[in-house]
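1. generate a structure from the sequence data that follows.
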Amino acid sequence: QVQLVESGGGLVTAGGSLRLSCAASGITLSGYPMAWFRQASGREREFVAVIARGATSTYYSDSAKGRFTISRDNPNNTIYLEMNSLKPEDTAVYYCAAARTVMARIPADVRYWGRGTQVTVSS
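-> Next up is the predicted model:
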């Protein structure tokens, strides 16, 4: 059974930082491009970042570019999302995802989902 378990979310003030982690079981993450998506209340789930299998390339949404960094630790079957300079509009549930390709940008491009971790940024 595939499980992706996110952690590291929480409440932070604007300008602060958080580091999200995603630990996997039942799946070898090195076989997948891995992504982070997020979903704010009342909005559709949106792409945040994706990293290639061997971490040779990364892609970010415009809102994440320059502030967020996606990384992976394949031997430990874990991926990360370092988030800096957080803004209230970053408030959302953040989901770890095993993607079908490194060009994944929409939820339909995802093979497996985590259950999400809440990030709340206060102004």
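2. for the chain, what spans make up the strands?
-> Ranges of strands within the chain are 3-7, 10-13, 18-25, 34-39, 46-51, 58-60, 68-73, 78-83, 92-99, 110-113, 117-122, based on DSSP state E.
3. dump those into JSON lines; add mean pLDDT and mean neighbour count as well.
-> Glycine gets a C-beta too; all of them are placed from N, C-alpha and C. As requested, the strands of the chain are exported to JSON lines (pLDDT from 0 to 100; neighbours: other Cβ atoms under 10 Å):
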{"stretch": "strand 3-7", "mean pLDDT": "98", "mean neighbour count": "17"}
{"stretch": "strand 10-13", "mean pLDDT": "98", "mean neighbour count": "13"}
{"stretch": "strand 18-25", "mean pLDDT": "97", "mean neighbour count": "19"}
{"stretch": "strand 34-39", "mean pLDDT": "98", "mean neighbour count": "25"}
{"stretch": "strand 46-51", "mean pLDDT": "98", "mean neighbour count": "22"}
{"stretch": "strand 58-60", "mean pLDDT": "98", "mean neighbour count": "18"}
{"stretch": "strand 68-73", "mean pLDDT": "98", "mean neighbour count": "18"}
{"stretch": "strand 78-83", "mean pLDDT": "98", "mean neighbour count": "22"}
{"stretch": "strand 92-99", "mean pLDDT": "98", "mean neighbour count": "23"}
{"stretch": "strand 110-113", "mean pLDDT": "97", "mean neighbour count": "17"}
{"stretch": "strand 117-122", "mean pLDDT": "98", "mean neighbour count": "17"}
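4. now do the contacts for the residue lying farthest from the centre of the chain.
-> The C-alpha centroid of the chain is most remote from S123, which lies 22.3 Å away (Cα atoms, centre = their mean). Counting by Cβ atoms under 8 Å, 6 or more residues apart in numbering, S123 makes contact with T13, A14, P88.
5. got it, and I51?
-> Applying Cβ under 8 Å, 6+ apart, the residues near I51 are P33, M34, A35, S57, T58, I70, S71, R72, I79, V102.
6. alright, I will stop here.
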